[in-house]
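A.B. asks: Following is a predicted model, sequence given first.
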Amino acid sequence: MSRASELGSEMTGEDVAFGDTLVEVDGLKKYFTQESGLLSGLSIDTDEFPPISVGRQHVKAVDDVSFEIRRGETLGLVGESGCGKSTLGRTILRLLEPTEGRISFKGDDLAELDGEALRQKRSEIQMIFQDPQSSLDPRMKIGQIVEEPMRAHDMLDDDGREQRAKMLLEKVGLDPHHYNRHPHAFSGGQRQRVNLARALSVNPDFIVCDEPVSALDVSIQAQVLNTMEELQEEFGLTYLFIAHDLSVIRHFSDRVAVMYLGNVVELAEKEELFENPQHPYTKALLDSIPVPDPRERGARGVLEGEVPSPLDPPSGCRFRTRCPRLIAPEGYEWTDEEWEHARTFMRAVKRRTFEPMTAAETRAEFFGGDLPRGEAGEIVADAIDLVATDRDNGDDAELEDGVNWAGATERLLESFAEESICSQERPDYEIEPQYGTGVHRAACHLHR
Ligand SMILES: Nc1ncnc2c1ncn2[C@@H]1O[C@H](COP(=O)(O)OP(=O)(O)OP(=O)(O)O)[C@@H](O)[C@H]1O
């Protein structure tokens, strides 16, 4: 093996041109196995020994994700907390074992590599974490910290490593004379710069940046991002840039992938995604960017309800349980307006967002007095009845506010939401972009 390939610093016959695919993720899944809570998970099977087993559930943190990252670009990955961004980043790096799927890096399937081959590849792929405080060992000097990955990969000799560390400290905007200082002498932004130098020490091609500036003051964020951009240019780096902050993503990415509950729901070039968003989840995220207007307090509440549990995610489109654009189920005769009324009523009942009133009042409030025709109208009438105050429910102690919210919710969801294409098929469509020429993918049946 040549010295160069031993160092992992030069590609051997597998060079990837700028703009060509460097990383490809295909059908990637990462499930965490969890023992289910208390007795609910225990099952008794007398044919087995021991006869009691603990039920296991799967946290579907990443569930069938596919995309590519091109050499030299920054792919932004955005989504609310808990949607699986970090897990995806770590699984791509093989810090977590994939449950299923392929991760190819320069054409090699990372999921298949192990031992020495994986170790070699690891130097070409590095990661930067959110918290620069906890990722730096306080007892080590920053010079040693930067040299650590080089030592682990047997790269250069002592002098060579020191020289390289000092060169990198300078590149990331630190004083190389601070080589012997300890991390506590540095500010948060400077510590993240130390992390950058450490990641760069083994000459990687690809860096997964997991919320790299989220812990920093806003004024410092831009400076660190600028340095990251300069380093990208100089070293030909490719970034997967994970952030929940859309304004940071907008500043920094070439293309953007939006994640929701383990799925990528939309992916497009940056301008296309921000100017022409096509997934209702992306639109809601964009609408909830806090506006710098003192009269508006905080984010505008567009995203209603809770993110469902990744233990049991919704079928079909993952966003459908919160989606304001849920598609009308087939098989009923109704106008768009009638379906809109029914959908609004269904959401309000499910989330119990109105004070119960008489059946006539409910009908007037949500349907302007006229129910949909045919079977849909009968279902709506049943549901209205279940939450109406002038219906005699006896004194069933189970009922909240004296009306049957749960019964009405079940009736509406079963008849309408569960029958929608949104519940039945997982969407994935390509859309004609309005900006640029890149591929625009949106996982929303409105584009079927
Ligand atoms: N080791 C683990 N064991 C079980 N569940 C896990 C584990 N790690 C993550 N999860 C779950 O997987 C889901 C995705 O988590 P992940 O941290 O990837 O999301 P995220 O989008 O990066 O969120 P955040 O921005 O808050 O870190 C969450 O429901 C989380 O609770």
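C.D. replies: Looks like it came in fine.

A.B. asks: Which strand residues bridge the residue nearest the centre of the chain?
C.D. replies: The centroid of the chain falls nearest to Met259 when counting by C-alpha atoms, centre = their mean (3.4 Å). Beta-bridge partners for Met259, by DSSP bridges, are Val264.

A.B. asks: where does it sit relative to the ligand, distance-wise?
C.D. replies: For Met259, the distance to the ligand (C-beta to the nearest ligand atom, to the nearest Å) stands at 7 Å. Yep, even glycine has a C-beta here, placed from its N, CA and C like the rest.

A.B. asks: try Arg255
C.D. replies: Taking C-beta to the nearest ligand atom, one finds Arg255 at 18 Å from the ligand.

A.B. asks: my read: that residue touches Gly72, true?
C.D. replies: No - taking contacts as C-beta atoms under 8 Å, Arg255 lies outside contact range of Gly72: 11.9 Å.

A.B. asks: Please identify which of the two sits among more neighbours.
C.D. replies: Using other C-beta atoms under 10 Å, the more surrounded residue of Arg255 and Gly72 is Arg255, with 23 against 19.

A.B. asks: Which residues in the longest helix belonging to the chain does the neighbour count mark as buried?
C.D. replies: When the chain is parsed with DSSP state H, its longest helix is helix 218-235. Across helix 218-235, burial judged by 16 or more other C-beta atoms under 10 Å covers Ile220, Gln221, Val224, Leu225, Thr227, Met228, Leu231, Gln232.

A.B. asks: name the helices or strands packed onto it?
C.D. replies: In this structure, helix 218-235 packs against helix 188-201, strand 238-243, helix 246-252, with contacts taken as 3 or more C-beta pairs under 8 Å, 6 or more residues apart in numbering; DSSP states H and E.

A.B. asks: How far off centre is it?
C.D. replies: For helix 218-235, the distance from its own C-alpha centre to the chain's C-alpha centre is 23 Å (C-alpha atoms, centre = their mean, to the nearest Å).

A.B. asks: For the remainder of this discussion, apply numbering that starts at 377.
C.D. replies: Sounds good: first residue 377 from here, last item helix 594-611.

A.B. asks: Quick check: residues of the chain near the ligand?
C.D. replies: Neighbours of the ligand within the chain, by C-beta under 6 Å from any ligand atom: 408, 410, 435, 437, 455, 457-463, 620, 686.

A.B. asks: Following the chain past the helix or strand of the chain with the lowest mean pLDDT, name the next helix or strand.
C.D. replies: Lowest on mean pLDDT, DSSP states H and E among the helices and strands of the chain sits helix 379-382, with a mean of 40. Following helix 379-382 in sequence order, the next helix or strand is strand 397-411 (DSSP states H and E).

A.B. asks: Around whatever residue of the stretch 477-626 of the chain ends up closest to the ligand, count how many other residues there are.
C.D. replies: Residue nearest to the ligand within the stretch 477-626 of the chain (C-beta to the nearest ligand atom): His620, separated by 5.6 Å. Residues lying near His620 (other C-beta under 10 Å) number 17.

A.B. asks: can you pull the contacts of it?
C.D. replies: His620 is in contact with Val454, Gly455, Glu456, Ser457, Lys461, Glu587, Ser590, counting by C-beta atoms under 8 Å, 6 or more residues apart in numbering.

A.B. asks: Tabulate those residues (CSV), appending distance to Phe481.
C.D. replies: Listed next are the contacts of His620 as CSV, based on distance: C-beta to C-beta, whole Å:
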residue, distance to Phe481
Val454, 23
Gly455, 23
Glu456, 28
Ser457, 28
Lys461, 19
Glu587, 22
Ser590, 26
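
A.B. asks: Which of those fall in helices?
C.D. replies: Per DSSP H, the contacts of His620 map to helices at Lys461.

A.B. asks: And the residue of the stretch 627-776 of the chain found nearest the ligand, which helix or strand is it part of?
C.D. replies: As assessed by C-beta to the nearest ligand atom, the ligand sits closest to Pro686 within the stretch 627-776 of the chain, at 4.5 Å. For Pro686, there is no helix or strand it lies in under DSSP H and E.

A.B. asks: Check Arg719 too.
C.D. replies: Following DSSP H and E, one finds Arg719 within helix 712-727.

A.B. asks: Check which helices and strands that helix sits against.
C.D. replies: Using 3+ C-beta pairs under 8 Å, 6+ apart, the elements in contact with helix 712-727 are helix 735-743, helix 750-763, helix 781-791.

A.B. asks: Export these to TSV and append columns for mean neighbour count.
C.D. replies: Shown next, in TSV, are the helices and strands packed on helix 712-727 (neighbours: other C-beta atoms under 10 Å):
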stretch	mean neighbour count
helix 735-743	17
helix 750-763	19
helix 781-791	18
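
A.B. asks: of all those helices, which lies closest to Ile518?
C.D. replies: Ile518 lies closest to helix 781-791 among the helices and strands packed on helix 712-727, at 56.5 Å (C-beta to C-beta).

A.B. asks: hang on, the earlier thing: buried set for the helix holding Arg719?
C.D. replies: By 16+ other C-beta under 10 Å, the buried positions in helix 712-727 come out as Glu714, Trp715, His717, Ala718, Arg719, Phe721, Met722, Arg723, Val725, Lys726.

A.B. asks: Please determine how far the residue lying closest to Glu776 once chain neighbours are set aside is located from Gly681.
C.D. replies: In this structure, Glu776 finds its nearest non-sequential neighbour in Arg728, 7.8 Å apart by C-beta to C-beta, 6 or more residues apart in numbering. In this view, Arg728 and Gly681 are 11 Å apart by C-beta to C-beta, to the nearest Å.

A.B. asks: which of those two has more neighbours?
C.D. replies: Under the criterion of other C-beta under 10 Å, the comparison of Arg728 against Gly681 puts Arg728 first, with 16 against 11.

A.B. asks: where does that one land on pLDDT?
C.D. replies: According to the prediction, Arg728 has pLDDT 93.

A.B. asks: Regarding Ala541, which helix or strand does it belong to?
C.D. replies: Secondary structure from DSSP H and E places Ala541 in helix 534-547.

A.B. asks: actually Asp440, not the one I typed
C.D. replies: strand 432-446.

A.B. asks: So which bits of that strand are buried?
C.D. replies: In strand 432-446, counting by 16+ other C-beta under 10 Å, buried: 433-441, 443-446.

A.B. asks: What of stretch 529-542?
C.D. replies: Buried, per 16+ other C-beta under 10 Å, within stretch 529-542: His529, Met531, Leu532, Arg537, Glu538, Arg540, Ala541, Lys542.
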